[in-house]
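> I would like to see how this sequence folds:
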Amino acid sequence: MAVFSTIANLCYLLNDKDEVLLQFKRKGFGQGKWNGPGGKVEQGETVEQSVVREVKEETGLQVKNLRKRAELEFVFDGREEWNQVVHVFVTNNFKGEIRASDEGELKWFNVKELPFKQMWEDDIYWIKDALAGKFARMRFYFKQNGKLQKYEKI
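Numbering: from 1, shown residues only. Just a heads-up that it's a prediction; the model follows:
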């Protein structure tokens, strides 16, 4: 049984043009990949509070009416410290001015034209359903080199 050292979140903001806001990670975990803004849940925070904080820090936007769309477990072979449970939220209720942070560049993508070649390999198995309002609960196993080995619905 995997041990999960990190509880984290991701948030996908949808606009009225059928676009989703993604962030190109410049540093740290996920560097070089497009993903939703998010991060670790800090001590004393609920998952929802951490989403609001992370989105504000990484995009400048204030989010409301978060809808949980996935609970994902990531297991890394030989890198137990990377194992994590990620709570994924979607919202179309946000305000403020977009501003990139030192985390990475921000860009709107049409939900039908996501940059999967520059995203985590697991995204193709769940993100379209999550953006369309369906709920996913899955576990993904990665090799030490970061390549997806297998996945399962849980």
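
> C-alpha from now on. contacts and neighbour counts both.
Will do.

> the strands in this protein, which residues?
6-13, 19-25, 34-35, 38-40, 62-64, 67-76, 84-91, 93-95, 104-110, 136-142, 148-153 (DSSP state E).

> Dump these into a markdown table; add mean pLDDT as well.
Converted to a markdown table, those look like this (pLDDT from 0 to 100):
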| stretch | mean pLDDT |
| --- | --- |
| strand 6-13 | 97 |
| strand 19-25 | 97 |
| strand 34-35 | 98 |
| strand 38-40 | 95 |
| strand 62-64 | 98 |
| strand 67-76 | 97 |
| strand 84-91 | 98 |
| strand 93-95 | 98 |
| strand 104-110 | 96 |
| strand 136-142 | 97 |
| strand 148-153 | 97 |
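
> Save those strands as CSV, and put in mean neighbour count too.
Shown next, in CSV, are the strands of the chain (neighbours: other CA atoms under 10 Å):
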stretch, mean neighbour count
strand 6-13, 22
strand 19-25, 22
strand 34-35, 24
strand 38-40, 21
strand 62-64, 17
strand 67-76, 21
strand 84-91, 22
strand 93-95, 14
strand 104-110, 17
strand 136-142, 18
strand 148-153, 13
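
> can you redo the ones you listed as a markdown table with distance to Ile124?
Below are the strands of the chain laid out as a markdown table (distance: least, CA to CA, whole Å):
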| stretch | distance to Ile124 |
| --- | --- |
| strand 6-13 | 15 |
| strand 19-25 | 15 |
| strand 34-35 | 12 |
| strand 38-40 | 18 |
| strand 62-64 | 25 |
| strand 67-76 | 13 |
| strand 84-91 | 14 |
| strand 93-95 | 25 |
| strand 104-110 | 15 |
| strand 136-142 | 12 |
| strand 148-153 | 11 |
